[in-house]
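Colleague: The following block contains a protein sequence and its predicted model.
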Amino acid sequence: MALENLKKLVTEGEPDGAVEEVQKAMNDGVDVLTILNDAMVPGINRAGELWKEDVYFLPDVIMSAEAFKDCMSIIEPKLKTAGGEKIGKVVIGCVEGDMHDLGKGLVVAMLRANGFEVVDLGADVPVSKFVDSIKAENADIVGMGAYMSTTMTLMKDFIETFVKEGLRDKIKVMVGGVPITQKYSEDVGADAWGQDALDTVEKAKKLMGVA
Amino acid sequence: MGLIDIVPDALNGLLYGLGINKNIKLEGLGRTVASFLGKPDYPSSMVVGITEHPMHIAKVPPEVYFSNGRVLSEASYWVYKWYGIDYGICSLDIYNTEAEALGAKTVYGKESMPTLDFKDHLIKKPEDLDKIKTPIEADWGRVRYKIDITKWNGKLWGLPLGMFCAPFSLACALRSYPVLMRDMRKNPEFTHRLFKWIVDDVLVPYVKLLSKETGTKIFLSADLWAAFPNITPEIAYKWLKSYNMRFTRACAKEGIFAFIVGTGFYAEEVKERFNFEMVKKGWDAIVDCMLGAKISIPVIEYGGYYEWPYEKVQEYALKNGIPIFGKLPIARGIHSRAMMDGPPEKIASDMKHAIDIMGREGRFPIIMWSIPTKTPPEHVHASSQAIKTYGKYPIAKDLDKIEFKMPEFEPFEKWIKKQDTDYPWW
């Protein structure tokens, strides 16, 4: 019942109530993987379904993602020790000069909710940081976001750097953000374009061969 | 100086558009005004939006473009003239200037437009609101740069038009969009205090300052944070309508005409999620949130990265028209991504279809939204050429019989040397 309530609170985007429910469940001895898989993930995925069905608007999805994120911050330290199967590891960030990370935040939440381990490099990320992180994390996918038509042009340069660093064959590249299109994604040599958070999850799964 | 004294082109457009004098040779702004009102020789094209494309074409160093109002204005004006575009609203950084002036942290990239640091918002806690100094002064942040842009735009285009960030978008800039969403739900009392402060203490005095410095009485704001699906219809009516109207009425008392553009736009980027009922709700909200009265406001087809159902747009414009003018004007948008992707043949073909369905009765200006920085010039030239080819009034019965020729154009560097300007301007 508590988990059912937690799922509802995540779907409805009630971060404070959701965090309380997580703490209550942990105090009751429910393991973190159960909290994640039986309540938090179905909760945020339900918000995604309601978005797809045109019932939810962006504020509703954002609030749901906020609730999910706040709950994750509580269970994450214990989750690392609890283990659990991961589909793949994603290193993600907004390219240098771009501070717009609202969409990326949604993508991170949805990827985590769908079984990916995500290393979020934040916004305004230089190529050297992407390269270091890809190497250090042994990532499967690198995701780059850009919101401005000036910063999006860096994606091509970044991918060329991945080639020079000998990383391109080892990693799948995804790009996303308001000005990005399928054609642009192909032009810069990415493997996939994430049109929105849900689309990104589906394509990331495909890239990992699990969809 | 009265409004009519400073905008003779607009007056010509008015006379032509209303059918009072059809012998006027339309130029630039005149064609734009005539396009909103009736049938000019062919529909006008305007660029509306934040754009760094002129910087790229005119090869202006970014550090100059992002700091020198004259250079930004000259580059925009001449690049758009090179394309044959009638009018440009050439402002940069509409969303960030006020927030930066109030103290919000801003990041200056090497080649990109300065942008707010969205991880470090100025109003982190409600009590932070009381610590912010107002009103904004001319030497704060990049306000002087913005004043220069307004002055130069007026000089070049014939209409000094001031730009500012709308109340809701400024609230997002200062508080962040997700936190503002939470405030609306959890702390409405603070949210009302925030909006009142934004309108009364920040924006009204700011617009008065810009008006005093530039002499302009006409202002346009951007509010794409308040586009659907970023907001719900409930948010539009509960939060935006009253504060937009509070702002426009306060400006009107000062003799300033301020228009808020973007509130209620339908900006869904994913074709599969397109919902025409929401588009109509958005148009209703635009009218309600701007003026609170049904008048002849243009229907704006934002131009998603896919074709809208033009027949339905046309039907709405005809149904909601007013007796003297007939249909509502339809401003046909060309989406930035469509412009960037091309190819030119597709841009021309889309324009033909749009004119065929929505342009025949006139009142059909074309709006090119922000042209992405590295858009191939042939895409924009093709767009302008298609307007002139297919949009010549009276519109031909069968547009498929009209041959479209890709325009030939001189490189900008060669063309600009023949113009009456001292390029390079820096």
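Modeller: In hand now; what should we look at?
Colleague: So which residues on the stretch 251-400 of chain B come close to chain A?
Modeller: Contact residues (Cβ under 8 Å from any Cβ of the partner chain) of the stretch 251-400 of chain B with chain A: B:269-270, B:273, B:275, B:278, B:305, B:336-337, B:340-341, B:370, B:372-374. (Each C-beta comes from the backbone N, C-alpha and C, glycine too.)
Colleague: any idea which of these is the one closest to B:Gly391?
Modeller: Nearest to B:Gly391, judged by Cβ to Cβ, of these is B:Ser336 at 21.1 Å.
Colleague: What about the closest one, how many residues nearby?
Modeller: Here the number of neighbours of B:Ser336 (other Cβ atoms under 10 Å in any protein chain shown) works out to 23.
Colleague: which residues does the residue nearest to B:Leu129 when sequence neighbours are not counted contact?
Modeller: Excluding its sequence neighbours, the residue lying closest to B:Leu129 (Cβ to Cβ, 6 or more residues apart in numbering or on different chains) is B:Ile123, at 5.6 Å. B:Ile123 is in contact with B:129, B:132, B:174-175, B:194, counting by Cβ atoms under 8 Å, 6 or more residues apart in numbering or on different chains.
Colleague: Could you identify the buried members of these?
Modeller: Listed as buried from those are B:129, B:174-175, B:194; burial here means 16 or more other Cβ atoms under 10 Å in any protein chain shown.
Colleague: From the residues you listed, which land in strands?
Modeller: Counting by DSSP state E, no part of the buried ones among the contacts of B:Ile123 is found in strands.
Colleague: Looking at the contacts of B:Ile123, which one is closest to chain A?
Modeller: Using Cβ to the nearest Cβ, B:Arg175 comes nearest to chain A of the contacts of B:Ile123, at 13.0 Å.
Colleague: Grab the nearest non-local neighbour of that closest one.
Modeller: Using Cβ to Cβ, 6+ apart and skipping the chain neighbours, the partner closest in space to B:Arg175 is B:Ile123 (4.8 Å).
Colleague: how about the nearest residue to the closest residue to chain A within the stretch 101-250 of chain B, chain neighbours excluded?
Modeller: Here the stretch 101-250 of chain B gets closest to chain A at one residue, B:Gly109, 3.1 Å apart by Cβ to the nearest Cβ. Spatially, and ignoring its direct neighbours in sequence, B:Gly109 is nearest to A:Gly97 (3.1 Å; Cβ to Cβ, 6+ apart).
Colleague: cool, and A:Glu14?
Modeller: Once flanking residues are discounted, A:Glu14 sits nearest to A:Ala67: 6.0 Å by Cβ to Cβ, 6+ apart.
Colleague: Which residues does stretch A:31-46 contact?
Modeller: For stretch A:31-46, the external contacting residues (Cβ under 8 Å, 6+ apart) are A:3-4, A:6-11, A:18, A:21-22, A:25-26, A:64-65, A:67-68, A:71-72, A:75, A:78-79, A:82-84, A:109-110, A:113-114.
Colleague: whoops, stretch B:76-83 was the one
Modeller: Against stretch B:76-83 from outside (Cβ under 8 Å, 6+ apart): B:47, B:51, B:53-54, B:57-58, B:88, B:90, B:153, B:156-157, B:377, B:380-381, B:383-384, B:409, B:412, B:415-416, B:419, B:421, B:423.
Colleague: who's in contact with B:Gly162?
Modeller: Residues counted as contacts of B:Gly162 (Cβ under 8 Å, 6+ apart) are B:150, B:207, B:210-211, B:214, B:216, B:218-220.
Colleague: What subset of these is buried?
Modeller: Applying 16+ other Cβ under 10 Å to the contacts of B:Gly162 flags B:150, B:207, B:210-211, B:214, B:216, B:218-220 as buried.
Colleague: Between those residues, which sits nearest A:Gly194?
Modeller: When those are compared for distance to A:Gly194 (Cβ to Cβ), B:Leu220 wins out at 33.2 Å.
Colleague: is the longest strand along chain A anywhere near chain B?
Modeller: Ranked by number of residues, the top strand in chain A under DSSP E is strand A:88-94. No - Strand A:88-94 does not reach chain B (Cβ under 8 Å from any Cβ); its nearest approach is 9.4 Å.
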